[in-house]
Each structure stands twice: as C-alpha cells, then as structure tokens.
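Novice: this one's structure only:
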C-alpha cells in the first residue's frame, strides 16, 4: 500500500484557535479520505470523510479541504476546544472505501485553555 | 446497538505462546478489518474479511499470523509463537455492505514478555 504522509507530528493551539493538519498521498487510485480521532486507550473514531469529487466538506467545527491535483488534503478544526486534544489520523483507501485504509502516522493535538 | 466488540482488552503472552484475539462486528456489518498499531505509529492494515472469505490479506505477515471470520461467531486473529515484536494494539473495524464508514473497536493490547 502506498504511503500517506501526515504533518505536523504534534501541534499546540490556543483555545478558540484553528487547528490545521495536512496530509499528502501518492496513489492516484485512492478515492476515499477519512479523518479519525483517537483518545488514549481507545479505538479511532471516524470524524469526517471526503471523496475526490468535492473540494471541501464541512461538519460542524470540522472541515476537510481536498486538492486532487496536488494530491493533498487537510483537516481544519475551528474554535478548537480542550476536549479536542487527541491524536488525529488521516487515511486513504481505494474501492470507494471498501479496501483497507492506509493511515498517516498521526498528529498529537493539544489545545491549551 | 452495541459497537464493535473486541476481547480481551489486554492480553499478556510469553514468547512462543499463541495469542487469539476476537472481534464481534456491529450488528448488520458483514465486513471485518484488522489493523495493528505500534506505539507512536499509525494503524497498519493487516487483513480484510467477509463471512467465510479472506478478501485481502496483503498486510498480514506471511508466517505465524492467520485470520478467520466464520459463518457463525466472531472474527479471530491468531498469532502463533509470539515474539516481542508482536507487542502492539490490534484493532478490529467493521462496516456494512456499503463501502466506507468503518467503526473501530477499542482494541486488544498484546504484550509479549
């Protein structure tokens, strides 16, 4: 499976600020791009996902921006809250999401009160 | 509607023993995926199964690892003759027949001593 590169590795944001996490992929066959949130000792939880036919998707405070030509996508968390402090993973798969996911290495996000 | 159930939550095995990890998918979900997560790493895809069929095992080590999803009962990930390098968190995810929208379990943390 092709790699998905995620940055930054860690991120500290003040409460109320915007958290931005970026991912880049290589495999042009990928057609499903989810973001997961993971708290210590828990499994990843699906936050939001996008398919390449749209450039942006918004759900509440979470927005995915997708640039197909650059093979990049990003997660924006608006009005970041201390409860958002977690590890965030981007991922990608082909087959409309039915195939196994290729994950980035994760971003440790800390929201300072 | 219970989520994806994994057991045990924690498993300690001595080198050379066998580890059996169980996963019961969400009700109505017929697709099961297994992932491994090493400390400070993203999840690595191992295997994708449907009832009585292995669909994709491209991420599974060639030796000592096997997986099944029988017609009745949970999916089982079996690791024979465990070594210290097998110590990790193993996550199971399930999805309905439609593509995408994985739900992960809380994982089994395997420690090999």
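Specialist: Received it, and whenever you're ready, just let me know what you need. Remember, it's a predicted structure, so these values are computed and weren't measured experimentally.
Novice: Residues of chain A that sit close to chain B?
Specialist: Counting by Cβ under 8 Å from any Cβ of the partner chain, chain A comes close to chain B at A:1, A:6, A:32, A:34, A:36, A:41-46, A:49, A:89, A:91, A:95-106. To be clear about C-beta, it is placed using only N, CA and C from the backbone, and glycine gets the same treatment.
Novice: Burial check on residue B:8, number of neighbours?
Specialist: When neighbours are counted by other Cβ atoms under 10 Å in any protein chain shown, residue B:8 registers 13.
Novice: ok, which stretches of the chain are strands?
Specialist: Since no chain was named, I'll use chain A. Listed in chain order, the strands of chain A (DSSP state E) span A:4-7, A:10-14, A:19-25, A:33-38, A:45-50, A:56-59, A:62-67, A:72-77, A:86-92, A:102-103, A:107-112.
Novice: wait, I meant chain B there
Specialist: Ranges of strands in chain B, per DSSP E, are B:5-7, B:10-13, B:19-24, B:31-37, B:43-50, B:53-56, B:65-68, B:75-79, B:88-95, B:103-104, B:108-112.
Novice: could you dump the ones you listed to a markdown table with distance to chain A, mean neighbour count and mean pLDDT?
Specialist: Below are the strands of chain B laid out as a markdown table (distance: least, Cβ to the nearest Cβ, whole Å; neighbours: other Cβ atoms under 10 Å in any protein chain shown; pLDDT from 0 to 100):
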| stretch | distance to chain A | mean neighbour count | mean pLDDT |
| --- | --- | --- | --- |
| strand B:5-7 | 8 | 18 | 97 |
| strand B:10-13 | 10 | 15 | 98 |
| strand B:19-24 | 11 | 20 | 98 |
| strand B:31-37 | 6 | 24 | 95 |
| strand B:43-50 | 4 | 22 | 94 |
| strand B:53-56 | 6 | 14 | 93 |
| strand B:65-68 | 12 | 18 | 97 |
| strand B:75-79 | 14 | 20 | 98 |
| strand B:88-95 | 5 | 24 | 95 |
| strand B:103-104 | 4 | 20 | 92 |
| strand B:108-112 | 8 | 18 | 97 |
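Novice: Tell me the buried residues within the residues of chain A next to chain B.
Specialist: Applying 16 or more other Cβ atoms under 10 Å in any protein chain shown to the residues of chain A next to chain B, the neighbour count classes A:1, A:6, A:32, A:34, A:36, A:43-44, A:46, A:49, A:89, A:91, A:95, A:97-106 as buried.
Novice: Check chain B and tell me which residue is nearest its centre.
Specialist: residue B:34 (3.8 Å; Cα atoms, centre = their mean).
Novice: residues contacting the nearest residue to that residue once chain neighbours are set aside?
Specialist: Nearest residue to residue B:34 in three dimensions, chain neighbours excluded: residue B:46, at 4.4 Å (Cβ to Cβ, 6 or more residues apart in numbering or on different chains). Shown in contact with residue B:46 (Cβ atoms under 8 Å, 6 or more residues apart in numbering or on different chains): A:100, B:33, B:34, B:35, B:36, B:57, B:59, B:60, B:65, B:67, B:77.
Novice: Columns distance to residue B:22 on top of those, output as a markdown table?
Specialist: Formatted as a markdown table, the contacts of residue B:46 follow (distance: Cβ to Cβ, whole Å):
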| residue | distance to residue B:22 |
| --- | --- |
| A:100 | 20 |
| B:33 | 15 |
| B:34 | 11 |
| B:35 | 15 |
| B:36 | 16 |
| B:57 | 18 |
| B:59 | 19 |
| B:60 | 17 |
| B:65 | 15 |
| B:67 | 11 |
| B:77 | 8 |
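Novice: With respect to residue A:84, which of the residues you listed is nearest?
Specialist: residue B:35 (23.3 Å; Cβ to Cβ).
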